[in-house]
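Undergrad: next come a sequence and a model predicted from it.
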Amino acid sequence: MDDRRVNWACRVLAGLVMVFLLAPLVVIVIASFTPTALITFPPKGFSLKWYANIFHASTHFINGLVNSLKLGLIATGVDVFLGVFAALAVCRYDFKGKNALLNYFTSPMYVPSVAFAFVLLQVYSQIGGIPGMARLLIGHLVIILPYIVRNTVSVLHVFDWTLEDAATSLGAAPAQVFFKITLPLAKPGVLAGALLAFLYSFDEVALSSLLSTPKFVTLPIRIMNYMELTFDPTLAAISTLLILASLVLIVLMEKLVGLDMFVK
């Protein structure tokens, strides 16, 4: 009887926590359909005009979305190339300073992005003439690399390296061994790291707010700038779309690699 009571209490507590976490999201989604200029809950009617306002040129949200996608995709693509080979070097070979090198690759996870952004800002101010895209790309390349390295390493730690030796003994070239043996088996870690890295790059605010220029502004900064001047349901509408996009990515993560991969 005691065990049943404890189990029941845990379920109730878990349900209350879920309601506490999801309630603000539900309020945002419902409030995005209000027809009034001020956010009201429950909304006094139904309207999609605030969703249409997202696509107006005056809000600059689409321009910010394009910049965020461009920055995230390029940074993730470059870091997948660098991170996979860094993880292979750490896991495949035994050498002095191996753990120190792995800690070096993952060290940006433990440095606040604001502090790193201030350092980059000082460097850029001394060099001068660096375009906004390049300023942000360099910063994002550094801060998202650990996610790819750590997830790839988690797979390669249990990798059976004798498979590579067997393929080589059968006459496979090094490139064939990598693309047909190593990379397919490491794919879950690579995909998990790439998805996490892209999401982190897309949502990054602290570094982007310090390094962005008037000609290159990402979507999170556009939202912050809009919120400083105007507070209407447009913000709730774009937040709803971002929540929906996040749910789609979560489903893709589950289908491609499984969510347990991210726990590891």
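TA: Arrived safely. Residues are numbered from 1 along each chain as shown.
Undergrad: which is the next helix or strand following whichever helix in the chain runs longest?
TA: Of all the elements of type helix in the chain, the one with the most residues (DSSP state H) is helix 61-92. Where DSSP states H and E defines the elements, the next helix or strand beyond helix 61-92 is helix 98-106.
Undergrad: what separates that next one from the chain centre, distance-wise?
TA: Offset of helix 98-106 from its chain centre (CA atoms, centre = their mean, to the nearest Å): 22 Å.
Undergrad: and the residue most central in space within the chain, what element?
TA: In the chain, the residue lying closest to the centroid (CA atoms, centre = their mean) is residue 199, at 1.8 Å. Counting by DSSP H and E, the secondary-structure element that holds residue 199 is helix 183-203.
Undergrad: report the mean per-residue pLDDT for that helix.
TA: For helix 183-203, mean pLDDT rounds to 86.
Undergrad: ok and that helix relative to helix 61-92, angle-wise?
TA: Using axes from the mean of the first three to the mean of the last three CA atoms, to 10 degrees, the direction of helix 183-203 lies 140 degrees away from that of helix 61-92.
Undergrad: helix 183-203: how far from the chain's middle?
TA: Chain-centre distance of helix 183-203: 9 Å, with CA atoms, centre = their mean.
Undergrad: which residues make contact with that helix from outside it?
TA: Helix 183-203 has contacts (CB atoms under 8 Å, 6 or more residues apart in numbering) with 68-69, 71-73, 75-76, 79-80, 83-84, 87, 140, 143-145, 147-156, 159, 163, 219-220, 246, 249, 252-253, 256-258, 261-262. To be clear about C-beta, it is placed using only N, CA and C from the backbone, and glycine gets the same treatment.
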